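> below are the sequence and a predicted model; questions follow.
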Amino acid sequence: MFESNASGDGAAGAARVGLATPGAARADAATAEAARPEANSSGSTPTIDPAVDVLAQVRALRARLADAPREMSDEQRVDVIRACEELKNAACAAQARWSVDLDASQRAVQAAAGVPARLQGQGVAGQVALARRESAHRGARHLGLGKVLVAEMPHTRAGLGEGWLSEWRATLLARETACLSAKHRGQIDAELLDARRAEVESWGDARLVAEVRRMAYRLDPDAVLARIRKAENERCVTSRPAPDTMAYLTALLPADKAVACYAALKRVADTARAAGDPRTRGQVMADTLVELLTGKKIAEGTPVEIGLVITDQALFANMGTPNPGEQDLDDQHPDDDPDLDDDPDLDDDPDLGSSRAAGDSGDPREEPAYLQGYGIVPPSWARNLIAGLPEQTKAWIRRLYRHPETGQLVAMESRRRLFKHSIRKFTVIRDQTCRTPWCDAPIRHLDHPKPHAHGGKTSRLNSQGLCEACNYAKEAPGWTARAVPGPVHTVRTTTPTGHVYDSTAPPLPGQWPAADPPEESGIGDQVIPVDPLDEREHQALFKHLLEQYAA
């Protein structure tokens, strides 16, 4: 992905964001030049646009910090580190004020356009998120914090602006007083951030939270108890990726139940360790949790569906020569789908169905795989996952076809012929996570960049996977999106302020040339249903896989 905006700032962002556009430096220089006061013919100084002046100053400071000298004493280094931290906090305070101003302005525009009051403000958090190169969830959190600081917690906002209070600690203060009235929240704000500033400045996060909770209960115990009852209704279980093919399984529970669950697991672990179990306490607790939840001693036999995307070469690496007693699966089940055979684009590209591509720069057998719901995993780990399946497990292969030059998904087999099912699975596999820049949330909605009501058709080109927040944001007035033709699926989104953001789909596992891709991919705007392998062929393939891999 890459970002450009109406003001000309094309600097790069986070993962999947390209390098700065060539005109970015020139735009910064032009902005600074426009902000520089120069005397006119009469000798008077012309009026400077304050907004342009602030923008120029911020960009100039950013440039100076990037080129700041490193030759200094250790004492000076410590002072500069502190000063930069205070500068970051002050910038957060300014961002909060401008975010609130943006919200008020956008609400006024939407009200003038006849948007119902209950929908006014929709999409503003999304604009804040894109500007800060963060997810829609964090954008909403930043905007909410800004509103609280500006309207109800002036001393907290002042501490943030002065640099001694961090944005995270301001967030803690706002979060722990959310259940209180504006009056009581203001009292805590004044007492802690004004009267007791010298004391609070040296506290850690835990002590700050504990003191705010104590004061909140003293001011309004009923509100605190109501918040606790509400929190109990929000109990849930979530899973999120962790490094090294691990994942966090998190349960949000009432404190007493969480403590009881942990104590039970710890008791089992202590008993096992006392009996000579070589596993660590943490390992025993984790294994016991899995066994209790799945009801199986061997958790790998749990009947669940796991989506693993892996190239054929990586899947069958180290397999040796195929068993001569088994017929090649392609010979057993040729592709006789008339839609596939009659497609001229596919006929012109004989390499489309192969995971090999010209110009491979590494061993294709060691190409990482992609585990849906997690991310990139090593190929050996993926092969072990498949080879370690119990004998009674049914495993299925869904063939995916990627373009040999761009790595983009262009076709897949589908067990259903109904277009609405195949396009959904196609889009989820292609996009992997929410397509909004800097948002890695799971895909919840299948969106038409060009709305169906405006003539947008349901197709692989006019589709993108979005999370709920991002999909709702783009429904606000002034947001537009369209698919950009090209070798890599790209969606261009324009916000109400005219800022433009491009989102490109990540490539599937596999290798392709590093050279620039062609201007046109030659792939039609459709999902091509390929005849699926039947159950007999699947089981034959996996029997061969397990036997050869075990050997």
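Perfect, I can see it now.

> in stretch 205-225, what counts as buried?
208, 209, 211, 212, 215, 216, 219, 220, 223, 224 (16 or more other C-beta atoms under 10 Å). No exception for glycine: its C-beta is placed from N, CA and C like everyone else's.

> what about the fourth one, helix or strand, and which?
Residue 212 belongs to helix 205-219 when elements are defined using DSSP states H and E.

> hmm, who's touching that helix?
168-169, 172-173, 176-177, 179-180, 184, 187-188, 191-192, 200, 203, 223-224 (C-beta atoms under 8 Å, 6 or more residues apart in numbering).

> change it to 7 Å
With C-beta atoms under 7 Å, 6 or more residues apart in numbering as the test, helix 205-219 has contacts from 169, 172, 173, 176, 177, 180, 184, 187, 188, 200, 224.

> ok, these vs residue 276, which is closest?
Set against residue 276, the nearest of those by C-beta to C-beta is residue 172 (45.0 Å).

> run a quick neighbour tally on the closest one.
Residues lying near residue 172 (other C-beta atoms under 10 Å) number 16.

> ok, it to residue 211 distance?
Distance, residue 172 to residue 211, using C-beta to C-beta, to the nearest Å: 11 Å.

> only C-alpha atoms, please: export the helix holding residue 212 in CSV.
What follows is helix 205-219 as a C-alpha-only set of coordinates in CSV (Å, rounded to 0.1, in the frame of the first residue of the first chain):
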residue,chain,number,x,y,z
ASP,A,205,0.6,3.2,35.7
ALA,A,206,-0.6,0.7,38.2
ARG,A,207,-0.5,3.3,41.1
LEU,A,208,-2.2,5.9,39.0
VAL,A,209,-5.1,3.5,38.0
ALA,A,210,-5.5,2.4,41.6
GLU,A,211,-5.7,6.0,42.9
VAL,A,212,-8.3,7.0,40.2
ARG,A,213,-10.4,4.0,41.1
ARG,A,214,-10.3,4.8,44.8
MET,A,215,-11.4,8.4,44.1
ALA,A,216,-14.1,7.3,41.7
TYR,A,217,-15.6,4.9,44.2
ARG,A,218,-15.5,7.6,46.9
LEU,A,219,-17.3,10.1,44.6
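
> OK, contacts around residue 145?
96, 170, 171, 174.

> from the residues you listed, which ones fall inside helices?
Among those, the members falling in helices are 96, 170, 171, 174 (criterion: DSSP state H).

> could you dump these to JSON lines with distance to residue 262?
Converted to JSON lines, the ones in helices among the contacts of residue 145 look like this (distance: C-beta to C-beta, whole Å):
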{"residue": "96", "distance to residue 262": "37"}
{"residue": "170", "distance to residue 262": "31"}
{"residue": "171", "distance to residue 262": "27"}
{"residue": "174", "distance to residue 262": "29"}
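
> residue 370 in helix, strand or coil?
Three-state assignment for residue 370 (DSSP: H, G, I helix; E, B strand; the rest coil): strand.

> what is the burial count for it?
For residue 370, using other C-beta under 10 Å, the count is 19.

> excluding its backbone neighbours, what's nearest it?
Leaving aside its chain neighbours, residue 370 sits nearest to residue 309 (4.2 Å; criterion: C-beta to C-beta, 6 or more residues apart in numbering).

> quick revisit: immediately after the helix holding residue 212, which helix or strand?
helix 221-232.

> and the angle from that following helix to helix 205-219?
130 degrees (axes from the mean of the first three to the mean of the last three C-alpha atoms, to 10 degrees).

> kind regards, and thank you for your time.
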